[in-house]
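Visitor: Turn this into a structure:
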Amino acid sequence: MKSYNTEWIRNVGIVGHGDTGKTQLVSSLLFTAGMTPRLGKVSDGSTVTDWDEEEIARKISINTGLAFVEWLVPGQGEKTKINLLDAPGYSTFINETKSSLIAADASLILVDAAAGVQVVTEKVWDYATEYDQPRSFVINWMDRELASFERTLDSLQKVFGRGVVPIQLPIGREKSFKGVVDLVGMKALLYTPDGDGKAKIEEIPADLAEEAKAAHEALVEMVAEGDDALMQEFFDEGTLPVEDLKKGLREAVLAKRIFPVMLSSALHSIGPDAILNFLVEIFPSPAARGKATGHKTPDHKGDTIERKIADSEPLSMFVFKTLADPFAGRITYFKVMSGVLKNDATINNYNRNTQERLQHISAMQGKTATAVADMHAGDIGTVAKLKDTTTGETLGDKNGTIFYPPARIPEPSITFAVEPKTRADEDKIGQAIHRILEEDLALRFSRDPQTKEFLLSGAGQQHIEVVVAKLRKRYHVEMKLHPPKVPYRETIRGKADAEGKHKKQTGGHGQFGVCRIKLEPLPRGKGVEFVDDIFGGSIPKNWIPSVEKGLRDSAERGFLAGFPVTDFRASLYDGKYHDVDSSDMAFKIAGSLAFKEAMKQARPALLEPIMHVEVYAPEQYSGDLMGHLSGRRGKISGSETRAGNVIVKALVPLAEMLSYANELISMTQGRGSYSTEFSHYDFVPAEIAEKVIAAHKPHHGEEEEAASA
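Guide: Prediction:
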């Protein structure tokens, strides 16, 4: 494949809410550019960027798909390479979008012509803002029933401001949609539905002439508004020549002052060539973005380094995605941030201080790798079988150390317990999970030290289900999912004073140890404190640690229902010993007995984890959301509205959130999303505590018997 210089490269994130047709649009762009022999369709699983088995089966994007287009704009002498990052649109997989969008230089945001602005529309806008990217909109599905250009444009302008400006008008409505008016060149672009995606250029239809003229003048005025020279030309001439208008539009888009709106029917190939022309002529090359910012230290807290995105700079490349392929091994997706990457180069991994040899660097067309000899600054590619490198790391020349910051991914919002189905699955689970973790930054895997369960945490139930399906299909590991056990805690509400006495005579040396302790509650989160208040040597110093160990061990096993006891202070203030029969074991048992006796007096109580929850949904669901959270013992801490959506904040017990994801989807017709993070522990209401204790008491009794044995 040809090697492209930086100025002839475009890196575009194709983003938007689920079902807005992102993957279908990418398929249409590839077909129109001659990159594929036929138009792939999501409905039959033939698209280039949705190639994973789960994506084909579910008909949604789960991973970011990478593809490229080589496109020649009429009148230009050289083709441009457009790297397309087809990102997921459902909230469950939106973290994948955020982590891969970092490699784009601009974002093309798709909007459903019938639905308008949706939850993820705003999220991806925020991501593009965070990455300081120019962006543009495509109103897709213009051929569908209830599609409305005017209503959708109005919703975009209300949410994102007056900088949202159409550069096209529709010709025809719903099923009769057949083309667009180009408001820059003031021509009509007419398409043959289900044709080759290339327009026939004609004069603007008479019935659209006045509307097109007014929209053209509004566009010219917006472009000229930010440029004194263009404004003067506009005042003098009353308009702007096409080339000046394109130049001004390009600069306004780069400055993030104007966000152009285009139209399409991705399934019927209406509008793709105009979109490709726009990506080349208006969206910036990597070099036009200026400089890349990195840091001198891997923690990204040191002094910043600005490096020009150019071939003349030292080689540096950032890894934004990793794919674990059971056959090809680890596939690393990277962006060349500076310098020129040669095939078969040996370069440094700055984060690990190791070397990697990059054999067979490639440009990806979905799952198909196309070999390249080299890649220039700004280009995106892949390489297989790197030894150590993972997502978020920086590689490059030995003497050009720089660390580019990775995407900031939120913590998981839901956790499930997973259990291998067989012993063979248990043996394979470690390596398989490790591979999945390499490619999914939003996933966590751990073992709860209290419940002894394996826990798989992700962005939603569907996310976890997809991971379990991948484990089965890729690595032949069968897993069962269970709701996780809530990590309750126990504590005390009052003070207590108790004695623990262990006395046993066996014929030879006996066992003897007596200790007296006081218990008192501590504020939430303080844990367990042990205080040595022994005076006069009633217990020798060498046996006091044994008392503490016995006490802590007993606290870890719990008193009410087998959950660890926390947030208390135990003060050892008196005791007795025997010169011959006392021992470490005797005082350890005495400490345990003293703790159990004190707990009977100290008004023990059950604690549960409380989560800080933020729910994001259209404003119309505000009352239902608050009522539903209150019904789950939640305490509403506030809400705010933003552009037709509401963010409800609440403190809710974890036990009440385990099934929340599915209920939120049902309540909001899939338009709501939420995030959770641990806040604090609080007392469980008495009637609920009784049920929890009753459910765990038999298991707790078994533990007690085992411990005493």
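
Visitor: remind me which residues of this structure are low pLDDT?
Guide: Scanning the chain for pLDDT under 70 picks out the ranges 413, 449-451, 507-508, 642-644, 698-709.

Visitor: which strand is the longest one in it?
Guide: If you go by DSSP state E, the chain has its longest strand at strand 604-618.

Visitor: Only alpha carbons, please: show the next helix-or-strand element following that strand as PDB.
Guide: Next along the chain after strand 604-618, taking DSSP states H and E as the criterion, comes helix 622-631. C-alpha atoms of helix 622-631 as PDB (Å, rounded to 0.1, in the frame of the first residue of the first chain):
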ATOM      1  CA  SER A 622     -37.100  13.000  35.700                       C
ATOM      2  CA  GLY A 623     -40.000  12.300  38.000                       C
ATOM      3  CA  ASP A 624     -40.000   8.500  37.300                       C
ATOM      4  CA  LEU A 625     -36.200   8.300  37.900                       C
ATOM      5  CA  MET A 626     -36.400  10.100  41.300                       C
ATOM      6  CA  GLY A 627     -39.400   8.000  42.400                       C
ATOM      7  CA  HIS A 628     -37.700   4.800  41.300                       C
ATOM      8  CA  LEU A 629     -34.500   5.600  43.200                       C
ATOM      9  CA  SER A 630     -36.400   6.600  46.300                       C
ATOM     10  CA  GLY A 631     -38.200   3.300  46.100                       C
END
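
Visitor: Okay, helices next: where are they in the stretch 101-250 of the chain?
Guide: For the stretch 101-250 of the chain, the helices defined by DSSP state H, counting those that start in this stretch cover 119-130, 149-160, 209-225, 228-237, 242-254.

Visitor: just so I know, which of those helices lies nearest residue 334?
Guide: helix 119-130 (19.7 Å; Cβ to Cβ). Every residue, glycine included, has its C-beta placed from N, CA and C.

Visitor: Name the residues that touch that closest one?
Guide: Helix 119-130 has contacts (Cβ atoms under 8 Å, 6 or more residues apart in numbering) with 13, 15-18, 87, 89-91, 94, 97-98, 101, 107, 109, 111, 135, 159-160, 616-618, 642-643, 645, 671-673.

Visitor: try 7 Å this time
Guide: With Cβ atoms under 7 Å, 6 or more residues apart in numbering as the test, helix 119-130 has contacts from 15-18, 89, 91, 94, 97-98, 101, 107, 109, 111, 135, 159-160, 616-617, 643, 645, 671, 673.

Visitor: Tell me, how many residues neighbour residue 516?
Guide: 22 (other Cβ atoms under 10 Å).

Visitor: re earlier: which other helices and strands does the longest strand of the chain contact?
Guide: Here strand 604-618 touches strand 489-492, strand 645-653, strand 673-683, helix 686-708, going by 3 or more Cβ pairs under 7 Å, 6 or more residues apart in numbering; DSSP states H and E.

Visitor: Surely residue 697 and residue 561 touch.
Guide: Yes: the pair residue 697 / residue 561 is scored as a contact, 6.1 Å apart, by Cβ atoms under 7 Å.

Visitor: Looking at these two, which has the bigger crowd around it?
Guide: Each of residue 697 and residue 561 has its neighbours counted (other Cβ under 10 Å); residue 561 has more, 18 against 13.

Visitor: quick revisit: are any of the contacts of helix 119-130 buried, and which?
Guide: For the contacts of helix 119-130, a burial check counting by 16 or more other Cβ atoms under 10 Å picks out 15-18, 89, 91, 94, 97-98, 101, 107, 109, 111, 135, 159-160, 616-617, 645, 671, 673.

Visitor: Drop everything from those that is not in strands and list the rest.
Guide: Among the buried ones among the contacts of helix 119-130, DSSP E puts 15, 16, 107, 109, 111, 135, 616, 617, 645, 673 in strands.

Visitor: can you redo those residues as TSV with distance to residue 29?
Guide: Converted to TSV, these look like this (distance: Cβ to Cβ, whole Å):
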residue	distance to residue 29
15	15
16	15
107	15
109	15
111	17
135	17
616	31
617	32
645	30
673	28
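
Visitor: re earlier: can you tell which of the helices of the stretch 101-250 of the chain is closest to residue 576?
Guide: Residue 576 lies closest, by Cβ to Cβ, to one member of the helices of the stretch 101-250 of the chain: helix 119-130, at 65.7 Å.

Visitor: buried residues in the closest one?
Guide: By neighbour count with 16+ other Cβ under 10 Å, helix 119-130 contains the buried residues 119, 120, 121, 122, 123, 124, 125, 127, 128.

Visitor: closest to residue 679 among the ones in strands among the buried ones among the contacts of helix 119-130?
Guide: residue 616 (18.1 Å).

Visitor: Now the residue nearest the centre of the chain. Nearest residue, chain neighbours left out?
Guide: When Cα atoms, centre = their mean is applied to the chain, the residue found nearest the centroid is residue 95 (1.8 Å). Using Cβ to Cβ, 6 or more residues apart in numbering and skipping residues adjacent in sequence, the residue nearest residue 95 is residue 442, 3.7 Å away.

Visitor: Can you tell me the SS state at the one you found?
Guide: Under DSSP: H, G, I helix; E, B strand; the rest coil, the three-state class of residue 442 is coil.

Visitor: That one and residue 409 touch, don't they?
Guide: Yes: using Cβ under 7 Å, residue 442 makes contact with residue 409 at a distance of 5.6 Å.

Visitor: Which neighbours do those two have in common?
Guide: Common neighbours of residue 442 and residue 409 (Cβ under 7 Å, 6+ apart) are residue 95.

Visitor: what's the closest of the helices of the stretch 101-250 of the chain to residue 637?
Guide: Among the helices of the stretch 101-250 of the chain, helix 119-130 sits nearest to residue 637 (Cβ to Cβ), with 21.0 Å.

Visitor: that older thread, so what strands line up beside the longest strand of the chain?
Guide: Strand 604-618 has these partner strands in its sheet, going by DSSP bridges: strand 489-492 (antiparallel), strand 645-653 (antiparallel), strand 673-683 (antiparallel).

Visitor: got those strands as TSV, with distance to residue 306 columns?
Guide: Shown next, in TSV, are the strands paired with strand 604-618 (distance: least, Cβ to Cβ, whole Å):
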stretch	distance to residue 306
strand 489-492	49
strand 645-653	35
strand 673-683	33
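
Visitor: Burial-wise, tell me which of these comes out on top.
Guide: Ranked by average neighbour count under the criterion mean count of other Cβ atoms under 10 Å, the strands paired with strand 604-618 are headed by strand 489-492 at a mean of 22.

Visitor: Tell me which residues are up against that strand.
Guide: In contact with strand 489-492 (Cβ under 7 Å, 6+ apart) are residues 519, 521, 558-560, 563-568, 599, 602-607, 681.

Visitor: Recalculate using a threshold of 6 Å.
Guide: 521, 558-560, 563-568, 602, 604-607, 681 (Cβ atoms under 6 Å, 6 or more residues apart in numbering).

Visitor: can you check stretch 183-198 too?
Guide: Residues outside stretch 183-198 that contact it (Cβ under 6 Å, 6+ apart): 28, 32, 167, 179-182, 199-202, 204, 215-216, 219, 242, 245, 268-270, 272-274.
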